[in-house]
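Undergrad: Structure for this input, please:
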Amino acid sequence: TYQVTDLPVSIMHRNEFGAVKVEKGPELIEYSAHFGQNTPLDSPPTLDDLRLPPHEEYLTELSNQLNLPHQNPQEVLKTLTTFFNDFQYSLKLTASAHITPLEHFLRESRAGHCEYFATATVLLLRTAGIPSRYASGYAVEEFSYLEEAYLVRQRHAHAWTLAYINGRWQIFDTTPAAWFSLEEEMVAWWRGLYDLSAWFTYKFFQWRWRESESTHDWLLWLILPLSLILIYRLYSRKKVARSQPIKPLKTYQIAGADSAFYQIIQQLNAAGYIRQQGETLTTWLKRVQAPLLSEANMQTMLTLHQRYRFDPASITVQEKAILAALVKVWQNNVVLE
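TA: The predicted structure is shown next:
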């Protein structure tokens, strides 16, 4: 979508990533979305689209094993497609204490979710000299025959690769196609009831906010009894099938929630260095610059914090102590105006 018109709202915000937020509008919003295949949404490639992360030498080794640097772009795509055919989609991740999660994914586990496939594909394309970007959005595949429209749910969130070939960005997705059906298998038994309730609520607001009266108002009153009948049938069917007792939900603690680095973030926010919506932690710290980045240990603290938060292997007790000590030193040495 490159343009939205006929949107009955008073305030609309758009961030640098294209996400749109609206405020002060009716409970039902109807608008027109304009889209096209040749819309230039993405900027031309830059040197950043060929950059490789430090300390990931195995990417170059793997690229040479696959002979990617000596192949043309179409051959590279074919080689990577064949390479990832031996991988599996999985939400149950394993980790290694000796190598990074991405190297573990490529060399040992060969199983992961779409973020791993997209990240690995982007970096391997870059080793072959092809500008590449990591893209995320939603896969639109579920069709509702009740509404005669496609449905997009949170679990349909997906990541893929954009490769710059023949003067344009092309979608390249190496995630196994089975990911969509595997996500479907994890759906709760009551999804049908929720969908029916959401559809009924939508039809109610559609009737309430329409601009002119219709000569078919009597059809609306058929929705309620029909909905109740459908809810009863769906619930009865699920109740028979659900013979096993429901296990209590497990509670999970967010990894790295007690990281000492959050003390620095709080101090920066209090001093007026506000992190923008959608801005990564690394980008924010670069934007802050002196005197904050003049501290030599800032990069070490940031690396430990990011590993503590996102690395499945986490960090050791000794590294946590090092992080806490470095944060204390930073607090004693840096004076925020």
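Undergrad: okay, residue 158: pLDDT?
TA: pLDDT, residue 158: 88.
Undergrad: for residue 49, same thing?
TA: 95.
Undergrad: Tell me the spacing between it and residue 273.
TA: Residue 49 sits at a distance of 29 Å from residue 273 (criterion: Cβ to Cβ, to the nearest Å). In short, each C-beta sits where N, CA and C put it, glycine included.
Undergrad: tell me how far the helix or strand where residue 331 lies is from the chain's mean position?
TA: Residue 331 is part of helix 317-333, with elements assigned from DSSP states H and E. Distance of helix 317-333 from the chain centroid (Cα atoms, centre = their mean, to the nearest Å) equals 31 Å.
Undergrad: Also stretch 91-98?
TA: Centroid separation for stretch 91-98 versus its chain: 20 Å, with Cα atoms, centre = their mean.
Undergrad: Nearest residue to the middle of the chain?
TA: residue 136 (5.6 Å; Cα atoms, centre = their mean).
Undergrad: Next, the closest residue to that one other than its chain neighbours: phi, psi?
TA: Leaving aside its sequence neighbours, residue 136 sits nearest to residue 159 (Cβ to Cβ, 6 or more residues apart in numbering; 4.6 Å). Residue 159 adopts backbone torsions of phi -130, psi 140, taken as degrees, to the nearest 10.
Undergrad: contacting residues for residue 159?
TA: Shown in contact with residue 159 (Cβ atoms under 8 Å, 6 or more residues apart in numbering): 114, 115, 117, 118, 119, 134, 135, 136, 175.
Undergrad: before we move on, what about residue 104?
TA: 94, 95, 96.
Undergrad: Residue 4 too?
TA: Shown in contact with residue 4 (Cβ under 8 Å, 6+ apart): 20, 31, 32, 33, 34.
Undergrad: can you rerun that using 6 Å?
TA: 31, 33 (Cβ atoms under 6 Å, 6 or more residues apart in numbering).
Undergrad: Kindly state the pLDDT recorded for it?
TA: 82.
Undergrad: Confirm it sits in a strand?
TA: Yes. Applying DSSP: H, G, I helix; E, B strand; the rest coil, one finds residue 4 inside a strand.
Undergrad: List the beta-bridge partners for it.
TA: For residue 4, the beta-bridge partners under DSSP bridges are residue 33.
Undergrad: how close does residue 298 get to residue 153?
TA: 40 Å.
Undergrad: okay, those two: which has more neighbours?
TA: residue 298 (18 against 13; other Cβ atoms under 10 Å).
Undergrad: where do the strands sit along this protein?
TA: For the chain, applying DSSP state E gives strands covering 3-5, 11-14, 20-23, 32-34, 88-89, 111-112, 132-138, 142-144, 149-151, 157-165, 168-172.
Undergrad: Using CSV, lay out these together with distance to residue 81.
TA: Output for the strands of the chain, formatted as CSV (distance: least, Cβ to Cβ, whole Å):
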stretch, distance to residue 81
strand 3-5, 34
strand 11-14, 35
strand 20-23, 34
strand 32-34, 32
strand 88-89, 15
strand 111-112, 17
strand 132-138, 15
strand 142-144, 25
strand 149-151, 26
strand 157-165, 11
strand 168-172, 9
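Undergrad: Tell me which of these approaches residue 206 most closely.
TA: Within the strands of the chain, the stretch nearest residue 206 is strand 149-151; the backing value is 13.0 Å (Cβ to Cβ).
Undergrad: Parallel or antiparallel, list what pairs with the closest one.
TA: Its sheet considered, strand 149-151 pairs with strand 142-144 (antiparallel) by DSSP bridges.
Undergrad: Run through who's touching the partner strand.
TA: Contacts of strand 142-144 (Cβ under 6 Å, 6+ apart): 150, 151.
Undergrad: Now it: average pLDDT?
TA: 82.
Undergrad: What residues sit buried inside it?
TA: For strand 142-144, a neighbour-count test (16 or more other Cβ atoms under 10 Å) marks nothing as buried.
Undergrad: Next up, the contacts around the residue nearest to residue 50 when sequence neighbours are not counted.
TA: Spatial nearest neighbour of residue 50, chain neighbours left out: residue 126 (5.2 Å); criterion: Cβ to Cβ, 6+ apart. Residue 126 makes contact with 50, 52, 132 under the criterion Cβ under 6 Å, 6+ apart.
Undergrad: how far away is residue 320 from residue 306?
TA: 14 Å.
Undergrad: Point out the other helices and strands that the helix holding residue 331 packs with.
TA: Where contact means 3 or more Cβ pairs under 6 Å, 6 or more residues apart in numbering; DSSP states H and E, helix 317-333 is packed against helix 298-310.
Undergrad: in the helix it packs on, what's buried?
TA: Buried, per 16+ other Cβ under 10 Å, within helix 298-310: 298, 301, 302, 304, 305, 306, 307, 308, 309.
Undergrad: hmm, which two among those are most spread apart?
TA: With distances taken as Cβ to Cβ, the most widely separated pair in these is 298 and 309, at 16.4 Å.
Undergrad: surely residue 161 meets residue 121?
TA: Yes. Between residue 161 and residue 121 there is a contact at 4.4 Å, judged by Cβ atoms under 6 Å.
Undergrad: and the closest residue to residue 125 other than its chain neighbours, what are its bridge partners?
TA: Distances taken as Cβ to Cβ, 6+ apart put residue 132 closest to residue 125, at 4.0 Å, once the chain neighbours are dropped. For residue 132, the beta-bridge partners are residue 163 (DSSP bridges).
Undergrad: Thanks a lot, see you next time.
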